[in-house]
Structure formats: structure tokens, C-alpha cells
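Q: Any chance you could fold what I've pasted below:
(4 chains)
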2 protein chains.
Amino acid sequence: MRSKRRSKMPGPSFIEQARHRQLIACAITSVAEEGYAGASLASVARRAGISKAAVLYHFRNKDALVEMAVNEILRELSEFIVPRLLAEPEARGRLRAFIQSQLLFLEQHRAHLLAVSYILVNHRNRRGEFHLRTKAENDALAAITTILEDGQARGEFRSFSVRPMAATILQAVNGALSQWVADPSLSLSDYATELVTTFDLATRKDTRTSTIRKAKTS
Amino acid sequence: MRSKRRSKMPGPSFIEQARHRQLIACAITSVAEEGYAGASLASVARRAGISKAAVLYHFRNKDALVEMAVNEILRELSEFIVPRLLAEPEARGRLRAFIQSQLLFLEQHRAHLLAVSYILVNHRNRRGEFHLRTKAENDALAAITTILEDGQARGEFRSFSVRPMAATILQAVNGALSQWVADPSLSLSDYATELVTTFDLATRKDTRTSTIRKAKTS
DNA sequence: CAAAATACTGACCGATCGGTCAGGAATGTC
DNA sequence: GACATTCCTGACCGATCGGTCAGTATTTTG
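A: Below you'll find the model as predicted:
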């Protein structure tokens, strides 16, 4: 770990950087293939072709490795989504982009999806709290909340309680992913379309024609 | 286990029945308090005040105990919900009853909720499949699907793709529960009201006034 | 009361877990 | 080539896991 290294060198060496990347990647596939309980340090070491002790040379302990893996996945995810949100001028479009881009990214990174979902629902800190899950959920909810509140302020959305709606949208996206994990033949893009329609109807003001329907009929 | 008992007696003895009930109850609280990984046979035995071997005398192995615990929880849950569904003559009411009664029951049985959610997302059979989760999800989806298809046939609901909508509703309910687990001060009945409104709007035909709103204004 | 079935204990097993440690190989740096 | 630092190995540790087994209470049955 960088944090407690007593190196005289300015930064992490090439080897250290490469190993970090490799071990994080191995940890992700290990969790994805063997589940949270089955993913051991020995399993990660085997995949990387080094000894278990070598893994612990680079990462203080198992928890540190797991947390780095989650951070990496969430970093890549938000790197994919954020530009797509910023490209949308209206709240309605940002809500659609949030749903679609999240599904699209994780459909293309199945191991990431499996690993992050296994870890988030299982990993606890010393106090027994699901701190990774809490943080990830709060970040996602904050993003959706921003969209929803902005949409209400701009008059695009009806008046509803933002927190349950944000949670419902987040859960719907997670549920779509979990359906797809169980049945990979399911079309996530079709699913995304249904979700977009559903929440368009659930959030819009009662103008009798949503942008979705307008696009279809005009 | 009954299945491999070589008893000459007609049924399970009083002691066996009582122990089964006790051990299932202990397993539930054990999982709820210590998580899926932390809930060991030793932990269950300690709670029951007997030896670990005695637990294995009554249950073939740990998996059998866990599965019995899940079955018991789901049995109690459906015992609570089904009559409430049957009491509703319209699909819209059944959808509302499904959401509300599920939240109500599990709000009153927090240990059941924790145990069942920990187990369902973690327990695998020998082939590595999440068979308990799959079965529970399919049962719940089937129930919702029946309501939705009936509602479409009766002309109460708009035309939408049933499977994603059913999954979205189920996930929304689960999400409400998971929010409440993380923050018990959250009012589940308020949350239920929001969910009912959300899915009323998402499913109804575009008649501009739902039964919910009509009830409020008339 | 004795025989038989049931209910249970405690010691033990092999496996695996995360983690430590002493020391050896590889890699740069003068 | 010597020296220090980085990188890594293999043996080992204590703990815990699910599960077995021989033997012993306890209860039921004739």
C-alpha cells in the first residue's frame, strides 16, 4: 500500500502499478466467478500467478483489495455515465440517459457487474456496517435526486416525493441488471425502453402526451 | 430430518417438532444478526442452548436448516398477503394490496426480512445456482404478473410489457425495504403510498384521473 | 423394570481462511 | 562489483468452518 510505504522513490514503481492493476483485475474476476465468500486471497494469487503473501505485500489486507476493486469499477462506471448526462439539456433526457447508459455499460462489463453487486451486498467494515454499499447507493441516489429536483424546478415533472422516486428508479435499474444476470438472453435495451417509458409516465406532468409518445406519433 | 428417519412412529415426536421450530427461529435471528457468512452452526447451537452436533442431528446439514428457515419465512409472508389480495375485486386494488401488505408484514418482522434477504442473495446449491432466490423471485413475479395481465384484460391498465413492469414493481418493493433496513426511521407506510401512486400512474390508462386522485378530490 | 428408540454430548477431523515472518531473488544505484 | 531497496516465496500460525462418530443420557414402549 502506498499509504504506509517508506520508499525513497518519488512515486510507485512500474512493477507496483502493474501489479496493482493486475491484482484488482484478478480480484474482480475472482469475485465474479466464485462469489464474495468464495473469493479468497489464495484464489486471487493463483489467478495472478504469484503467492498469497505477494498479494499482501501490495495490499495491506483483503479488505483493502476489495475496496480498491469496487472503487475501480465505480470509477469506470461514472466515467462512462457522466458525459452522457452532461450532454442532455433537459431533466427528462438526463433521466433517460442515466437509465440507459448504466444498463449499457454494465451489459458490456458483466464481470464488473457481478463483482460489484456481490461485494456491495456483503462487504462490511469492522463495525459491521455495509459502508461500501451505503456510499455507492447514496452517490447514485444523489445523482438521481439532482435530476428529479431539477426536473420539478423546470416544470417538466409533476410534484412527487423525491426520495422514494429516486430509490425506485435506482432499484428498477438494479433489478433490470439482476434479471439480466439470471437470464443473459434478456434484451437489456428493450428493458431500458420499458423503464424509460414507465418512469416517464410516473414523473411527467399530466399533459396527456409525453415526449416519448410525441416522438412516436409525430 | 424426516426424510431419512427410520422411525417406527407415525409422525415426528413433540420434541422433534419443538426443536425444529426452535432451531429455525434461532437460525433466522442468527442470520439476521450476524449475516449470512457469520451465521454458523455453532452460533445457532449456542442460541438454542444445545451442542452443534445436536443441530446436525435434527437437520441433515447447514443447507437444509437454511432452506427450512427461508421456507418458513416465505410461508408466513404469503399467509399474510394472499387473503389481502383475494379481498380486492379489482386489479388496481390488488396491486396496491400487494405493495402495502408486503411492506407492512416485513416492517413488523424485521429479523425475517434481514434473514431472508441475506440468504436469498448468498445461498447457492452445489451447482452454484442461487436456487432459493430464483424460486422466490419467480413466485413473486408470477403473482404480480397475474395481477397485471388481469388488469390489462379488464381494461384497467394500459398496454405495457408485463415482465419488466412486474420486475420493476417487485424491485421497488424490495428497494423500499432495503431503504428501511438502512434507515429504520423511514416511514414505510408513507413510502408505500408513494409507490402505489407511482405505479398507479405508470400502469393506468390515460384517463387523466386515477382512482387515487378521484378519491382525493371527490 | 428392561429393552429399544430417541435425543444429545464432546472430542475430533480435514480443510480453508486471513495474515505473519524470515529470508532469498531480482532490480536498480553508486 | 558492492550495496540497498524492491519484490516475492514458502513455511507457518491460530481461528473457524461444516461435519463425523463413539458413546451416553433421556424418554418411550413392551
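Q: All the helices of chain A, in order from the start?
A: A:14-38, A:41-48, A:52-58, A:62-86, A:91-107, A:110-120, A:131-153, A:162-182, A:188-203, A:211-217 (DSSP state H).
Q: Next, format those as a markdown table and append mean neighbour count, distance to residue B:71 and mean pLDDT.
A: For every residue, glycine as well, the C-beta is placed using N, CA and C. Listed next are the helices of chain A as a markdown table, based on neighbours: other CB atoms under 10 Å in any protein chain shown; distance: least, CB to CB, whole Å; pLDDT from 0 to 100:
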| stretch | mean neighbour count | distance to residue B:71 | mean pLDDT |
| --- | --- | --- | --- |
| helix A:14-38 | 17 | 22 | 94 |
| helix A:41-48 | 18 | 32 | 97 |
| helix A:52-58 | 16 | 39 | 97 |
| helix A:62-86 | 17 | 32 | 98 |
| helix A:91-107 | 21 | 32 | 97 |
| helix A:110-120 | 21 | 24 | 98 |
| helix A:131-153 | 17 | 27 | 97 |
| helix A:162-182 | 22 | 20 | 94 |
| helix A:188-203 | 20 | 30 | 93 |
| helix A:211-217 | 11 | 43 | 42 |
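Q: Tell me which residue lies nearest the centroid of chain A.
A: residue A:74 (5.0 Å; CA atoms, centre = their mean).
Q: and the nearest residue to it once chain neighbours are set aside, what is it in contact with?
A: Of all residues not flanking residue A:74 in the chain, residue A:136 sits nearest, at 6.2 Å (CB to CB, 6 or more residues apart in numbering or on different chains). Listed by CB atoms under 8 Å, 6 or more residues apart in numbering or on different chains, the contact set of residue A:136 reads A:70, A:74, A:116, A:120.
Q: Would you mind measuring from residue A:136 to residue A:67?
A: 11 Å (CB to CB, to the nearest Å).
Q: quick one: the residue nearest to the centre of chain A and residue A:113 touch, right?
A: No. If you go by CB atoms under 8 Å, residue A:74 and residue A:113 don't touch, sitting 11.7 Å apart.
Q: Mind checking if stretch A:154-172 is in reach of chain B?
A: Yes. Stretch A:154-172 comes into contact with chain B (CB under 8 Å from any CB of the partner chain), by way of A:160, A:161, A:164, A:165, A:167, A:168, A:170, A:171, A:172.
Q: What count of nearby residues applies to residue A:160?
A: 16 (other CB atoms under 10 Å in any protein chain shown).
Q: Quick check: it touching residue B:197?
A: Yes. When contacts are counted by CB under 8 Å, residue A:160 is listed as touching residue B:197 (7.3 Å).
Q: ok now stretch A:117-130, how far from the chain's centre?
A: Computed by CA atoms, centre = their mean, to the nearest Å, the chain-centroid distance of stretch A:117-130 equals 15 Å.
Q: How about residues contacting that stretch?
A: By CB under 8 Å, 6+ apart, the list of residues contacting stretch A:117-130 reads A:31-32, A:35-37, A:63, A:66-67, A:69-70, A:131-133, A:136, A:174, A:177-178, A:181, B:35-37, B:121-122, B:182.
Q: Intersect those with the contacts of DNA strand C.
A: residue A:63 (CB under 7 Å from any atom of the strand).
Q: tell me which parts of chain A are close to chain B?
A: Neighbours of chain B within chain A, by CB under 8 Å from any CB: A:35-37, A:121-122, A:124, A:128, A:130, A:134, A:137, A:160-161, A:164-165, A:167-168, A:170-172, A:174-176, A:178-179, A:182, A:190-191, A:194-195, A:197-199, A:201-202, A:206, A:208.
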